[in-house]
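Q: got a structure for you, letters missing:
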């Protein structure tokens, strides 16, 4: 999980709409992620703001990597800000690259996004991944108490719950997967997929972005021997452990973004872009340079738009912001070169001395600037091949001028599509469909644009980033609030039978043992 994409100046929103703690004796909230977002001018917004607000209200700890790799003397650093203790640890140089680059981003990331052709899985990298997770577990066990609640974030730390249990942790432990969850057959391409599934089982609650992700994880969990499904979504394992799996779509603070976007219109970068457009309609895309984002396909669709609508020459500009990351991974270097070649060919074919159709920028921008760019844009392009949620889509909608909004062109493979139904929804692999959607967005009457924007803005306001945090912790700490987690023996028997039939196994006698809540 990354917290360094943008800044969020809405610090006054951090404590709003946070969980109501029913038990005044409730312990601390302990958030664990690969990186932490400390307060200050470089602090990220949205997700980081919500997590820090939750910890601040409860009192607790945010644990993560310090950003430093050390050959010897890996130290643990502690810093207190208000009621938050930031606990960061150095990681050994010999283990970090195999853990982060080779396994987390070289094996897990492509598998999670359905790119089995890019999975580069090596035993040494896998061992380093588990070794780093053990280091996190050792640090945590020195500070945890039975009344604490632990919330682990994202794919870098899947084994952490299991490792904490092995060390004697008895507190509530939850996990949230920010990426998509692939289907069972894709997940099974990982050599250690069963071990990772068993690691999921050590959590009391696993949260995912969409119901589709929920179904995919449950299907994979059901392949582990000795499992039975439980009501409300979850699995009981033969060792009496149970894990609930539920969808918690992550949101944004739509009203705060709307205010920020309006204020951003006077910022220097925003006014400079507006002047430079000289009245041309702006199409904007903001993506980390990653093969899951569909950038080559998007450039190809824009190329087709210009071929099929020559009247748009000199009347539109496409700004694609794509900060590079993981440049030490060969696939990302190849992707960067491929996109640059496509952009160069497009501008060479369609541009001239007075007009550059596609402006391609490999740098990050503060959210203050991005909010202004979104508000200027007539079209927002969010067309990933696979994405857990994609908050850029939600940010774009929230930042629009209510009286003259732009139009969102959204991939049907982004998690955000479940909420933003008024967008123009496309298959990112269909170049013609994407080009047609761009043309439709550019020519759409204002009345229709307003109507579509109002529908999507209503969806954003109905479920904010703060609701996401509150709902997850409510489900983790008060499971009864989200439906029965432990059904009757008859239901377990019936679901277990269905699972066994699906797997083509001979039906055996069902276990009649009950699992106690919180076991």
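A: Noted; the coordinates are in hand. Small disclaimer: the values here were computed from a predicted structure and weren't measured. Numbering: from 1, shown residues only.
Q: Show me the longest helix that occurs in this structure.
A: helix 330-350 (DSSP state H).
Q: Give me the helices and strands touching that one, please.
A: Other helices and strands packing on helix 330-350, by 3 or more CB pairs under 8 Å, 6 or more residues apart in numbering; DSSP states H and E, are helix 295-308, strand 358-361. Yep, even glycine has a C-beta here, placed from its N, CA and C like the rest.
Q: Mean neighbour count, these: which tops it?
A: Burial of those is given as mean neighbour count (mean count of other CB atoms under 10 Å); helix 295-308 ranks first at a mean of 20.
Q: what's the next helix or strand after that helix packed up against?
A: Proceeding N to C from helix 295-308, the next assigned helix or strand is strand 316-321, under DSSP states H and E. Helices and strands touching strand 316-321, by 3+ CB pairs under 8 Å, 6+ apart, are strand 281-286, helix 295-308, strand 358-361, helix 367-376.
Q: Taking helix 330-350 as reference, get the angle to strand 316-321.
A: Per axes from the mean of the first three to the mean of the last three CA atoms, to 10 degrees, the angle that strand 316-321 makes with helix 330-350 is 160 degrees.
Q: If I follow the layout properly, residue 384 ends up in contact with residue 429?
A: No: between residue 384 and residue 429 there is no contact under CB atoms under 8 Å: 11.1 Å.
Q: what's the longest strand in the chain?
A: Among the segments of the chain that qualify as a strand by DSSP state E, the longest is strand 60-70.
Q: Geometric centre of the protein: which residue is closest?
A: residue 178 (3.4 Å; CA atoms, centre = their mean).
Q: For it, give me its contacts.
A: Contact analysis of residue 178 by CB atoms under 8 Å, 6 or more residues apart in numbering lists 1, 153-155, 209, 250, 388-389.
Q: swap the cut-off to 10 Å and go again
A: Residue 178 makes contact with 1-2, 33, 47, 112, 153-155, 207-209, 250, 388-389, 391, 415 under the criterion CB atoms under 10 Å, 6 or more residues apart in numbering.
Q: For residue 443, list the residues it contacts.
A: By CB under 10 Å, 6+ apart, the residues touching residue 443 are 281, 309, 312, 378, 407.
Q: just checking, the last one touches residue 423?
A: Yes: checked against CB atoms under 10 Å, the pair residue 407 and residue 423 is within contact range at 7.5 Å.
Q: quick one: common contacting residues for those two?
A: With contacts taken as CB under 10 Å, 6+ apart, residue 407 and residue 423 have 380, 396-397, 437, 441, 452-453 as neighbours in common.
Q: Name the member of the residues you listed with the most neighbours.
A: residue 396 (35 neighbours; other CB atoms under 10 Å).
Q: Am I right that residue 246 sits in a strand?
A: Yes: counting by DSSP: H, G, I helix; E, B strand; the rest coil, residue 246 is found in a strand.
Q: State the number of residues packed around it.
A: 21.
Q: Domain boundaries for this protein, per the record?
A: 11-251+498-502, 254-462 (automatic domain parsing).
Q: weakest of the ones you listed in terms of mean pLDDT?
A: Lowest mean pLDDT within the domains of the chain: domain 11-251+498-502, at a mean of 86.
Q: Check the offset of that one from the chain's centre.
A: 13 Å (CA atoms, centre = their mean, to the nearest Å).
Q: do stretch 440-453 as well
A: Its chain's C-alpha centre lies 29 Å from the corresponding centre of stretch 440-453 when counted by CA atoms, centre = their mean.
Q: now stretch 349-358
A: 35 Å.
Q: in stretch 150-161, what's buried?
A: By 16 or more other CB atoms under 10 Å, the buried positions in stretch 150-161 come out as 150-161.
Q: Closest one of those residues to residue 220?
A: Closest approach between those and residue 220, by CB to CB: residue 158, at 12.4 Å.
Q: So residue 96 sits against residue 132, correct?
A: Yes: when contacts are counted by CB under 10 Å, residue 96 is listed as touching residue 132 (7.4 Å).
Q: Need the overlap of contacts for the two.
A: residue 65.
Q: Now do the same contact list for residue 86.
A: Residue 86 neighbours (CB under 10 Å, 6+ apart): 36-39, 52, 55, 61-64, 66, 77-80.
Q: now the helix or strand harbouring it against strand 60-70, angle please.
A: Element membership of residue 86, judged by DSSP H and E, is strand 84-92. Calculated by the same axes, to 10 degrees, strand 84-92 forms an angle of 20 degrees with strand 60-70.
Q: Give the next helix or strand downstream of strand 84-92.
A: Next in line after strand 84-92, if elements are assigned by DSSP H and E, sits helix 93-97.
Q: Run through who's touching the next helix or strand after that next one.
A: For helix 93-97, the following helix or strand on the C-terminal side (DSSP H and E) is helix 109-112. Helix 109-112 has contacts (CB under 10 Å, 6+ apart) with 103, 115-121, 154-156, 177-182, 186-190, 193, 196, 213, 290-292, 326, 329, 331, 386, 388.
Q: Would you confirm that residue 470 contacts residue 54?
A: Yes: assessed by CB under 10 Å, residue 470 is found in contact with residue 54 at 8.3 Å.
Q: The two: who's more crowded?
A: residue 54 (24 against 18).
Q: I figured the more buried one hits residue 151, correct?
A: Yes: assessed by CB under 10 Å, residue 54 is found in contact with residue 151 at 8.4 Å.
Q: Give the residues shared as contacts by those two.
A: With CB under 10 Å, 6+ apart, residue 54 and residue 151 have common neighbours 29, 31, 60, 62, 469, 472-473.
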